[in-house]
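Enquirer: Predicted model and sequence below, questions to follow.
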Amino acid sequence: MNYRTHFCGTLSQADEGINITLAGWVDVRRDLGGLIFIELRDHTGKVQLVSDPQVNPEVHKTFENLRPEYVVQVKGKIRTRPDGTENRDLRSGAVELCPEEVDILNTSKPLPLPIEDFEQTDESFKLKHRFLDLRREEMQKRIRARNSITCAIRDFLAKEDFLEIETPILTRSTPEGARDYLVPSRVQSGKFFALPQSPQLFKQLLMASGFEKYYQIARCFRDEDLRADRQPEFTQVDIEMSFAEVDSVISVAEGLLKCAFESVDKSISFPIPRISHKEAISKYGSDKPDLRFGLELIDFSELMSNSGFESFAKVVKAGGIVKGICVPKTADWSRKEFDDLRNLTISEYGAKGLAWISYREGDDELGTSPISKFFSADELKLIKELAGAKAGSTVFFIADKDELVHDVLGRLRLHLGHKLNLINEALDKLVWVIDWPLLEKDPESGEIHFANHPFTSVNPADEHLLSVEPEMARALAYDIVYNGVELGGGSIRNHTEASQRKALSLLGMTDEEMDDQFGFLLQALSMGAPPHGGIALGLDRLVMMLTGANSLRQVIAFPKVQSASCLLTAAPSEVNDKQLEELSLKVKHSSKTK
């Protein structure tokens, strides 16, 4: 049985007079007391069907019984719609079909909500009825765009001689940062598999195996707290290359991104600019800077170290910094608006305070501020000059340890960029953040950990620092940032056993612990592994950005909510005692306290 010869959204006046067969859903039904009009929908669009009781009473009788979301097949001839009745909102709006035959393939119960109303309803309701939500044109376009992007990526990598190789989903638990999802083994009681947080170790093993160019559209799993741009199971474009340097990995990634952008009719200039991690933090207060607007951070530390404002001077002399941003369109704010901004930086960003100087139209060029009295006229002139402040702007200051100052100002910069409409939403700005620190110190515990992961190679120019100032050493690591969102990152790896053991020792691991957790990798590196490196790009995030979606849930067919549960299938769920017994498990229920 041939259900269709054509698709609804592809029909035009060129098809007039042709006998065709269509199949799809009843989108809209209008009974005008004589004629009945149906808009038939499939994945390509809609077309109008017309039933006239004088022409075909049997078809008309069937039309009288049709309701929204019934699945039907119709046969007939296409004709041009009468002048003045065309629907310019439909691609097939110049034509219509008067069916000669109608077959109801399936009926539909009354929907909990009309399909067109799903966009405005609560997200939990949409996810509980996801199969209906996915019928919406907007969702269809996003999922199809995801397919186009994925196909473009695969085509590009195939042309570059990359091999798509699958790696295990059931593997062993290794310390990679986030919590593992564990899977109990039935045949080996008391032992567990882990779902992969990434294919990191396996793709390095593939390099040691002689597969010089690997990629995978890889499913990954992390048991972590969720937010709009995070899911417990996600998809990444995973790439690894032998005999690779930073430039060669970046070149492949840029070619891939170019194809991905073009697949959804977007263009971007290449090569993508690069900035160091240190510069990104210093200028924008973030390792994923949004470059669609200015508001670069200004360093006032030297000026403030000997200023008359003792609070700022003390911070600098104690090893801290004073930085600020010069923000337009704020000088005429009310006192409440300034107070609200200060409260935001204190209560949400963790600052101890926020100071400012405003430069109103017609005011003294030295500015107006609660802190002006602590500065001399010469100091106020230098502040304005250093900030490049113009009439109508305000300079906001934060003084504290450099990590906190950069974090607070980075978040404040983004907040004000959105609040004041300073961000050009029409722009697409990508940037590589390179020269990442190899190691970071946890501000609370003081423990050293890898900024990326322990398989990242140190920059050869900084290798000597590992034994004296390890926190100052740079990694051969790179992130790609798109409009302030990290799309992915990668690094050149440790490709010798000695370099990998040295890296793991920085975490305080003994040789025995290394062999226990990473023995298979260390063995592979000891037997002729080539230099290699790669990158992983978040496919979900890339699709989210390229389609203008607000969250990952809008570009994943069946996503999880913030509690890591699926509202459609009610997963996770309890299992019966027999299943637990087979796994030698017993559930211990604990009372949750608020």
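Expert: Everything's here; your move.

Enquirer: Verify the stated contact: residue 488 with residue 481.
Expert: No - in this structure residue 488 lies outside contact range of residue 481 using C-beta atoms under 8 Å: 9.5 Å. Yep, even glycine has a C-beta here, placed from its N, CA and C like the rest.

Enquirer: center of the chain, which residue is that?
Expert: By C-alpha atoms, centre = their mean, the chain has its centre lying nearest to residue 541, at 2.7 Å.

Enquirer: which phi and psi does it have?
Expert: Dihedral pair for residue 541: phi -70, psi -40, per degrees, to the nearest 10.

Enquirer: now it: how far from residue 373?
Expert: According to C-beta to C-beta, to the nearest Å, residue 541 and residue 373 sit 48 Å apart.

Enquirer: Equivalent analysis for residue 532, please.
Expert: In terms of C-beta to C-beta, residue 532 sits 61 Å off from residue 373.

Enquirer: With residue 394 instead?
Expert: Counting by C-beta to C-beta, the gap from residue 394 to residue 373 is 17 Å.

Enquirer: So which of those two has more stuff around it?
Expert: residue 394 (27 against 8; other C-beta atoms under 10 Å).

Enquirer: and the more buried one, what is it in contact with?
Expert: Counting by C-beta atoms under 8 Å, 6 or more residues apart in numbering, residue 394 touches 326, 327, 330, 331, 333, 356, 357, 358, 359.

Enquirer: what about the first one, which helix or strand?
Expert: Translated: residue 326. Assigned by DSSP states H and E, residue 326 falls within strand 321-327.

Enquirer: Name the strands paired with that strand and say parallel or antiparallel.
Expert: When pairing is defined by DSSP bridges, strand 321-327 lines up against strand 298-299 (antiparallel), strand 394-400 (antiparallel).

Enquirer: export it as CSV, just CAs?
Expert: Only the C-alpha atoms of strand 321-327 are listed here, as CSV (Å, rounded to 0.1, in the frame of the first residue of the first chain):
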residue,chain,number,x,y,z
ILE,A,321,42.8,44.3,43.2
VAL,A,322,40.3,47.1,42.3
LYS,A,323,38.6,46.8,39.0
GLY,A,324,35.5,48.3,37.4
ILE,A,325,33.3,48.7,34.3
CYS,A,326,32.2,51.9,32.7
VAL,A,327,28.5,51.5,31.8
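
Enquirer: For it, which outside residues touch it?
Expert: Taking C-beta under 8 Å, 6+ apart as the rule, strand 321-327 contacts 295-301, 304, 312, 315-316, 387-389, 393-402, 405-406, 409, 412-413, 416, 420.

Enquirer: quick one: that strand to chain centroid distance?
Expert: 29 Å (C-alpha atoms, centre = their mean, to the nearest Å).

Enquirer: Was I right to think residue 586 contacts residue 580?
Expert: Yes - assessed by C-beta under 8 Å, residue 586 is found in contact with residue 580 at 6.4 Å.

Enquirer: Between those two, which is the more surrounded one?
Expert: residue 580 (14 against 8).

Enquirer: Report pLDDT for the more buried one.
Expert: You'll see residue 580 listed with a pLDDT of 92.

Enquirer: ok, now which ones touch it?
Expert: Applying C-beta under 8 Å, 6+ apart to residue 580 gives the contacts 586, 587.

Enquirer: mind checking the SS state of residue 481?
Expert: Following DSSP: H, G, I helix; E, B strand; the rest coil, we place residue 481 in the strand state.

Enquirer: burial of it, as a residue count?
Expert: 24.

Enquirer: Quick check: beta-bridge partners of it?
Expert: residue 431, residue 486.

Enquirer: Would you mind confirming that it is in contact with residue 430?
Expert: Yes - applying C-beta under 8 Å, one finds residue 481 in contact with residue 430, separated by 6.8 Å.

Enquirer: so the spatially closest residue to residue 133 that is not a sequence neighbour is in which element?
Expert: Closest residue to residue 133 apart from its sequence neighbours, by C-beta to C-beta, 6 or more residues apart in numbering: residue 126 at 4.3 Å. Using DSSP H and E, residue 126 maps to helix 123-128.

Enquirer: and that helix, how far out from the chain's middle?
Expert: Centre-to-centre, helix 123-128 and its host chain are 21 Å apart (C-alpha atoms, centre = their mean).

Enquirer: Same question for stretch 186-194.
Expert: Using C-alpha atoms, centre = their mean, the offset of stretch 186-194 from its chain centre is 34 Å.

Enquirer: mean confidence for it?
Expert: What stretch 186-194 shows for mean pLDDT is 93.

Enquirer: What of stretch 272-288?
Expert: Stretch 272-288 comes out at a mean pLDDT of 97.
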